[in-house]
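**Student:** sequence and predicted structure are below.
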Amino acid sequence: MRIAIGSDHRGFQIKAKLIQVLNSDGHQVLDCGTRNDQAVDYPDFAISVAGMVSKGEVERGILICGTGIGMAITANKHKGVRAAACSDEIMAETCRRHNDVNVLCLPGDLIGDRPVGDLIRIWLATDFDGGRHARRLEKIAEVEQRME
């Protein structure tokens, strides 16, 4: 799977670990920055990753900042992007099953040194349930169309 990944300075260390996990699992990873732990503005990286997802250049995106919230807010401004801030495996699985989330936003400050490989693998492997959830996503897509 083609996956774009980006972080601000607060997610830089976790991003580096996730790139190793994703590469070892055979995914094609596009690193959208940041390249070090110097302070940067998280929207710049969310715009890059979400833009790639919105245009269909990658299947999924992963963003990491302090809480994941700012990245999710920014990413969700892009058409067709469904981003969610998740901090555990249950949230990661549920956001895929119910919301077909295509951009996972992680809270670097909350994850810390905790291994996140399993969380990412669950998110990538979980399918969208469809059914009543698809009807709800259609309503979200209608809102996007009206906002253009």
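**Tutor:** That came through fine. Numbers count the residues shown, from 1 in each chain.
**Student:** need the helices for the protein, in chain order.
**Tutor:** For the chain, applying DSSP state H gives helices covering 12-24, 42-54, 69-75, 89-99, 108-111, 117-125, 132-147.
**Student:** using CSV, write out every CA atom in the second one.
**Tutor:** As requested, the backbone C-alpha atoms of helix 42-54 are provided in CSV (Å, rounded to 0.1, in the frame of the first residue of the first chain):
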residue,chain,number,x,y,z
TYR,A,42,1.7,21.1,11.9
PRO,A,43,-0.8,22.4,9.2
ASP,A,44,2.0,22.4,6.7
PHE,A,45,2.5,18.6,7.0
ALA,A,46,-1.2,17.8,7.3
ILE,A,47,-1.9,19.8,4.1
SER,A,48,0.8,17.8,2.3
VAL,A,49,-0.3,14.3,3.4
ALA,A,50,-4.1,15.0,3.1
GLY,A,51,-3.6,16.5,-0.3
MET,A,52,-2.0,13.3,-1.5
VAL,A,53,-4.8,11.2,-0.1
SER,A,54,-7.5,13.6,-1.6
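**Student:** got a list of contacts for that helix?
**Tutor:** Contacts of helix 42-54 with the rest of the structure, by C-beta atoms under 8 Å, 6 or more residues apart in numbering, involve 4-8, 30, 32-34, 58-63, 65, 70-71, 74-81, 83, 102-103. Placement of C-beta: from N, CA and C, glycine included.
**Student:** which of these fall within strands?
**Tutor:** In strands, defined here by DSSP state E, the members of the contacts of helix 42-54 are Ala4, Ile5, Gly6, Ser7, Leu30, Arg60, Gly61, Ile62, Leu63, Cys65, Ala83, Val103.
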